[in-house]
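Student: Sharing a sequence plus its predicted fold:
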Amino acid sequence: MTSRAKSKTPNGLDFPDRPAHQPSPMTKISILLVDDDQEMGEMLVEYFRSSQIAAATERDGSDALTRLQKEHFDLVILDVMLPSLDGFEVLKCIRKSWNTPVIMLTARGDDVDSILGLELGADDYLSKPFSPRHLVARIRAVLRRLERASDTVGKSLTVGNLVLNTSSMAITISGRPVSLTGTEFRMLEVLMDSMGRPISREYLSERVLGRSLTAYDRSIDTHISNLRGKLTRSGAPTLEIRNIRGTGYVLIDTSTMAAR
């Protein structure tokens, strides 16, 4: 078997000379990588290029926000530890103005950072050090689930006063629009599709995050918590996402249950 040469950054990232599989022809993905590790950033940009991903880089949170005001990106990769503004502050600013999907980069084993990032509206996270191939897989998984939702034609789901339209990725409650991240939208779509039927956390992870559920991964639970809060604040008090111990989650309309 032919060996593959690798280089390694101080963070311990292993970079093969090229991806194991050459990508199929496709439109290039445009991303903004925000990380103050210049060496890692340069190596990731080179790796991304061979995966049909065009990456711009910024090393400062304030500069990243300025860049986002001027240019469109399909996705943002955002490190937590940044000069000027940290990653959490940058994420808050992004969520005030854009629905651009965001993957946070956190320290190894720092569950607090990971959960906080998800609570503030990140679509996913990855702990350092990581495999660049793993990061590319996360990028494609996030964009793939958003593409699936936007490509669905004419599908509309209604539960009580909540209406979800997959073709426009629009959600309204009593006619008023509700702002959700792409991940929250997909989570709600899956729950509404299975209204009244419990769905396992494993199934939600596969369908919504595009990856298998791993031990101690609280991503699904955090996204569910965010979604619950937004539904309640937006005026859908009869809709509940209940935790079924040992099974997963179920969306129910308590108004219809009371009427029975």
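Tutor: Alright, I've got the coordinates. Here the structure is a predicted model, which means the values were calculated and not measured. Numbering: from 1, shown residues only.
Student: Low-confidence stretches in this protein?
Tutor: 1-27, 108-110, 148-154, 257-260 (pLDDT under 70).
Student: what about the strands in it?
Tutor: Along the chain, the segments classed as strands by DSSP state E run 6-8, 14-16, 29-34, 53-58, 75-79, 102-107, 124-128, 156-159, 162-165, 170-173, 176-177, 199-200, 239-244, 248-253.
Student: What strands line up against the fourth one, and which way round?
Tutor: Right, strand 53-58. Applying DSSP bridges to the sheet, strand 53-58 is found paired with strand 29-34 (parallel).
Student: Correct me if wrong: L126 contacts I103.
Tutor: Yes - the pair L126 / I103 is scored as a contact, 6.3 Å apart, by Cβ atoms under 8 Å. For every residue, glycine as well, the C-beta is placed using N, CA and C.
Student: which one of the two has more residues nearby?
Tutor: I103 (21 against 18; other Cβ atoms under 10 Å).
Student: Quick check: beta-bridge partners of the more buried one?
Tutor: The residues that I103 bridges to, once DSSP bridges is applied, are I77, D124.
Student: ok, how many other residues are close to A215?
Tutor: When neighbours are counted by other Cβ under 10 Å, A215 comes out with 4.
Student: Leaving out chain neighbours, which residue sits closest to G248?
Tutor: Counting by Cβ to Cβ, 6 or more residues apart in numbering, G248 lies nearest to S200, which is 4.1 Å off, once chain neighbours are set aside.
Student: picking up where we left off before, overlap in contacts, L126 and I103.
Tutor: L135, R138 (Cβ atoms under 8 Å, 6 or more residues apart in numbering).
Student: Run through the residues that contact F88.
Tutor: Contacts of F88 by Cβ under 8 Å, 6+ apart are V80, L116, G117, L120.
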